[in-house]
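**Q** Show me the folded form of this:
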Amino acid sequence: LGRADDPPSRMLVAVYNKLSTDPAYAPLDFAAVSVGGADDGMALRVLDEAFVHVNALPLFCFYDAGIEHRRWRLAGADVAELQRRLARVAAGLSQAEIDE
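**A** Below you'll find the predicted structure:
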């Protein structure tokens, strides 16, 4: 989740696009939501449903079978931490193992 007028969010677009096509993360599905510009309200609705305030962006959320694992939310532009979390999820670890 990011904002079009936010420099960290804009910087993360290229990183996110690269990660989403990296074979190491092939088992994962990626989705991006950007707030700004000519928004028709759908992006803000996604934020509302995820209980995220627009000022908390950029934010990465992790879902499994449609349920968010809130302990794994990652706010900010820490690319190394994002890669670490994605690698653990992509490795097929159980939720308990991921939480360790």
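**Q** mind checking how far residue 97 is from residue 88?
**A** For residue 97, the distance to residue 88 equals 8 Å [Cβ to Cβ, to the nearest Å]. For the C-beta atoms, the positions are set from N, CA and C on the backbone; glycine is no exception.
**Q** cool, residue 59 as well?
**A** In terms of Cβ to Cβ, residue 59 sits 18 Å off from residue 88.
**Q** What residues of stretch 3-12 count as buried?
**A** Across stretch 3-12, burial judged by 16 or more other Cβ atoms under 10 Å covers 3, 6, 9, 12.
**Q** Among the residues you listed, name the ones in strands.
**A** The members of the buried residues of stretch 3-12 that map onto strands under DSSP state E are residue 3.
**Q** pLDDT-wise, what's the bottom of the buried residues of stretch 3-12?
**A** Lowest pLDDT among the buried residues of stretch 3-12: residue 3, with 75.
**Q** Run through the residues that contact it.
**A** Residue 3 sits next to 9, 34-36, 54, 57-58 when contact means Cβ atoms under 8 Å, 6 or more residues apart in numbering.
**Q** Between the residues you listed, which sits nearest residue 48?
**A** Checking those against residue 48 by Cβ to Cβ gives residue 54 as the nearest, at 9.9 Å.
**Q** For the closest one, grab the count of nearby residues.
**A** Applying other Cβ atoms under 10 Å, we find 15 residues neighbouring residue 54.
**Q** so what pLDDT did it get?
**A** Model confidence at residue 54 (pLDDT) stands at 75.
**Q** any idea how far it is from residue 74?
**A** 17 Å.
**Q** if we can go back for a sec, between residue 97 and residue 88, who's got more neighbours?
**A** The residue with more neighbours, out of residue 97 and residue 88, is residue 88; 16 against 10, by other Cβ under 10 Å.
**Q** then the helix ranked longest in the chain to CSV, C-alphas only?
**A** Across the chain, the longest stretch assigned as helix under DSSP state H is helix 7-21. Provided in CSV are the C-alpha atoms of helix 7-21 (Å, rounded to 0.1, in the frame of the first residue of the first chain):
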residue,chain,number,x,y,z
PRO,A,7,8.7,9.8,-2.1
PRO,A,8,9.3,6.5,-0.1
SER,A,9,6.2,5.0,-1.7
ARG,A,10,7.3,6.0,-5.2
MET,A,11,10.8,4.6,-4.6
LEU,A,12,9.4,1.3,-3.4
VAL,A,13,7.4,0.8,-6.7
ALA,A,14,10.5,-0.3,-8.6
VAL,A,15,11.6,-2.5,-5.7
TYR,A,16,8.2,-4.0,-5.3
ASN,A,17,7.9,-4.7,-9.1
LYS,A,18,11.3,-6.4,-9.0
LEU,A,19,10.5,-8.5,-6.0
SER,A,20,7.2,-9.6,-7.5
THR,A,21,9.0,-11.1,-10.6
